[in-house]
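Asker: next one to model:
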Amino acid sequence: MARNKKESFFWTSYSDLMTSLFFVMLTLFVLAIALLHREVVQIGKERDDTQVELDKINEIRDAIQSIDTRYFSYDPVYKKHILKTKVKFRTGSHNINDLDQATKDELLAVRDAIKKFLDELIAKDGTASYLLVIEGQASKDNYSLNNQLSYDRALSLFKFWFPDQKETTLQFYNLPCEVVIAGAGCMDGKPKADRNQDNQRFLIQIMPKPGIIDE
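Answerer: A predicted model of the protein is given here:
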């Protein structure tokens, strides 16, 4: 009789243990499914948000192609706008005063055209912010510091546009548009006497900044 009681107690305890383990596993399974579902939902939301941002960036990039064609021509290979204004510096110089008054007046008109264009973009979508890249170039000649010279020319153009602005906070007016100064050195290709001064040009690139969609 004692043995039967012991066996009965063992199987009762075993049954209770198995039942408890079953409910523990069931609880863990339900919890895992709930957490997995939450992760799937979060991933889907992030994917949708990313797609919305990509669509917005593409929309802005398409709109940027409509910048004033009087002053800009678009290069689809390098995806940059080339400033049509002809600039002719002295060899080794980045002094804006090398340029004649008509050229300087046109450069000021270019600045105003960019501002008008950015105003229109911001009026359509006030959540976006932009980068304006001003890229200088130098003639392909024997001057040894053309890389630095091309940068200095781009910086000179910005200072000509905004003579009172400090270099540490390059901003295009009070718009949500930061300015990046760049130098491209010399234009690719062999130098030609009749075209070499054409390398003294500015390239302008306007692009939406990453993370342009507000939460």
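Asker: could you use CA atoms for every contact and neighbour count after this?
Answerer: Noted.
Asker: tell me the mean pLDDT for stretch 85-101?
Answerer: For stretch 85-101, mean pLDDT is 87.
Asker: for it, buried residues please.
Answerer: T85, V87, K88, F89, S93, H94, I96 (16 or more other Cα atoms under 10 Å).
Asker: nearest spatial neighbour of the fourth one, skipping sequence neighbours?
Answerer: Nearest-residue entry for F89: D98, 5.6 Å, with adjacent residues in sequence omitted and distances by Cα to Cα, 6 or more residues apart in numbering.
Asker: residue boundaries of the strands in the protein?
Answerer: 72-75, 80-83, 130-138, 177-186, 202-208 (DSSP state E).
Asker: name the stretch among the ones you listed that sits most buried.
Answerer: strand 130-138 (a mean of 24; mean count of other Cα atoms under 10 Å).
Asker: could you say what helices and strands that one packs with?
Answerer: helix 146-161, strand 177-186, strand 202-208 (3 or more Cα pairs under 8 Å, 6 or more residues apart in numbering; DSSP states H and E).
Asker: contact partners of that strand?
Answerer: 146-147, 149-155, 158, 172, 176-187, 199-209 (Cα atoms under 8 Å, 6 or more residues apart in numbering).
Asker: for the chain, which element, helix or strand, carries the lowest mean pLDDT?
Answerer: Lowest on mean pLDDT, DSSP states H and E among the helices and strands of the chain sits helix 2-64, with a mean of 73.
Asker: okay, now the domains of this protein?
Answerer: Domain assignment for the chain, taken from automatic domain parsing, gives 1-64, 69-208.
Asker: and the end-to-end length of the longest one?
Answerer: With Cα to Cα, to the nearest Å as the measure, the ends of domain 69-208 fall 20 Å from one another.
Asker: for that domain, the distance to its chain's centre please.
Answerer: 18 Å (Cα atoms, centre = their mean, to the nearest Å).
Asker: repeat for stretch 13-20
Answerer: The chain centre lies 62 Å from the centre of stretch 13-20; the measure is Cα atoms, centre = their mean.
Asker: C-alpha coordinates for it, CSV please?
Answerer: Extracted in CSV, the C-alpha atoms of stretch 13-20 (Å, rounded to 0.1, in the frame of the first residue of the first chain):
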residue,chain,number,x,y,z
SER,A,13,3.5,15.6,-8.9
TYR,A,14,4.8,14.7,-12.3
SER,A,15,1.5,15.6,-13.8
ASP,A,16,1.4,19.0,-12.0
LEU,A,17,5.0,19.7,-13.1
MET,A,18,4.2,18.9,-16.7
THR,A,19,1.1,21.1,-16.5
SER,A,20,3.1,24.0,-15.1
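Asker: next, the buried residues of it.
Answerer: Buried residues in stretch 13-20 (16+ other Cα under 10 Å): none.
Asker: what of stretch 158-167?
Answerer: In stretch 158-167, counting by 16+ other Cα under 10 Å, buried: F158, K159, F160, W161.
Asker: I figured the second one hits Q171, correct?
Answerer: No: the pair formed by K159 and Q171 falls short of the contact definition of Cα atoms under 8 Å, at 11.2 Å.
Asker: and Q65, how many residues sit next to it?
Answerer: A count of neighbours around Q65, defined by other Cα atoms under 10 Å, yields 17.
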